[in-house]
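> Predicted structure and sequence below. I'll ask about it afterward.
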Amino acid sequence: MGASPHHPRLQDRALEYFRIEKGEFEPTLLLSLYLLLVMATIVCLKAVSDSVFLSTFDATRLPFVDLPVTVLVGIVVSLYLRLSNRLGLPSTIKLTQAFVALNLFVFWLLLRFQLPATPALIYIWVGVFAVLLPSQVWSLSGLAFDTRQAKRLFSLIGSGGILGAALGGNVAGFIGPLWGTDSVLIVTTGFVIACGAIVSRLTGLSKPTAAPSTASGAGKASIMDSVRLVSGNRYLLLITLAIFFSTIPST
């Protein structure tokens, strides 16, 4: 006997509870899983970078590597925006993920050979890409959903990040003591490859394939343009100062 119209299936009830409309389930699930894997990757990499750095250098050296991270984030984001404007967002994300996966394998080899500068190099690299990778999830979400959908679904997608942080901590805590800190890099490489597969599937859906509009010149602004924009807007300037001062105690 078929299900009674007065007694919808469990899946239909779940979709109704989370206010997921027709055609939204798959991209919402994929983006949640994407953010989960990204956050798991970042937590694992943070554990590795902190561990190998502090096992080689004194904690007083941390400010000397945090400063290059701050500078490099601006440079990398500027290059990323230019590349995204030229290739399109989905292609840029895939290219970035391939680059990250290759880097993780290289770092694994460097740790195996125990080269002296490797801990500092990993620490700086992780600091840069820990900023870039999560932003890619939300950028792709902006292509997948319009503003009305975002208000309903972004909190649900964000829950994937919470689960991912928990997963990353458990993976690092289990793999590291069992097989060595460098082995965590191999596991996170698998996470990044899985992210690439998710992005490929998302770009196969209708909405994410649309290229971002260039009519407003988005993605073409230089770092100096961004600095002028922030310095000329009191609201943005206060946000920047709040982030700056909150970073000091957290570091």
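Alright, I've got the coordinates.
> Spit out the contact partners of Ala47.
The neighbours of Ala47, taking Cβ atoms under 8 Å, 6 or more residues apart in numbering as the test, are Gly168, Gly169, Ala172, Gly173, Gly176, Val184. Backbone N, C-alpha and C define where each C-beta goes, glycine included.
> Let's see the pLDDT reported for the closest residue in space to the fifth one that isn't next to it in sequence.
Okay, so that is Gly176. Closest residue in space to Gly176, ignoring its immediate chain neighbours: Val184 at 5.5 Å, by Cβ to Cβ, 6 or more residues apart in numbering. If you check Val184, the pLDDT there is 91.
> Contacts only, for Val184.
Residues near Val184 by Cβ under 8 Å, 6+ apart: Cys44, Leu45, Ala47, Val48, Val171, Ala172, Ile175, Gly176.
> ok, the fifth one - contacts?
In this structure, Val171 makes contact with Ala40, Cys44, Val184, Val187, judged by Cβ under 8 Å, 6+ apart.
> helix/strand/coil for the last one?
Here Val187 is recorded as helix under DSSP: H, G, I helix; E, B strand; the rest coil.
> Distance check, it against Ile42.
Using Cβ to Cβ, to the nearest Å, one gets 13 Å for the distance from Val187 to Ile42.
> Name the residue in these two with the higher neighbour count.
A side-by-side neighbour count of Val187 and Ile42, using other Cβ atoms under 10 Å, places Ile42 first with 22 against 19.
> And the next helix or strand past the helix or strand harbouring the more buried one?
Take DSSP states H and E as the rule and Ile42 turns out to sit in helix 25-54. Downstream of helix 25-54, the next assigned helix or strand under DSSP H and E is helix 62-87.
> Could you tell me the average pLDDT over that next one, please?
Computed over helix 62-87, the average pLDDT equals 84.
> which strands and helices sit next to that helix?
Identification of packing neighbours for helix 62-87 by 3 or more Cβ pairs under 8 Å, 6 or more residues apart in numbering; DSSP states H and E yields helix 89-113, helix 118-144, helix 223-231.
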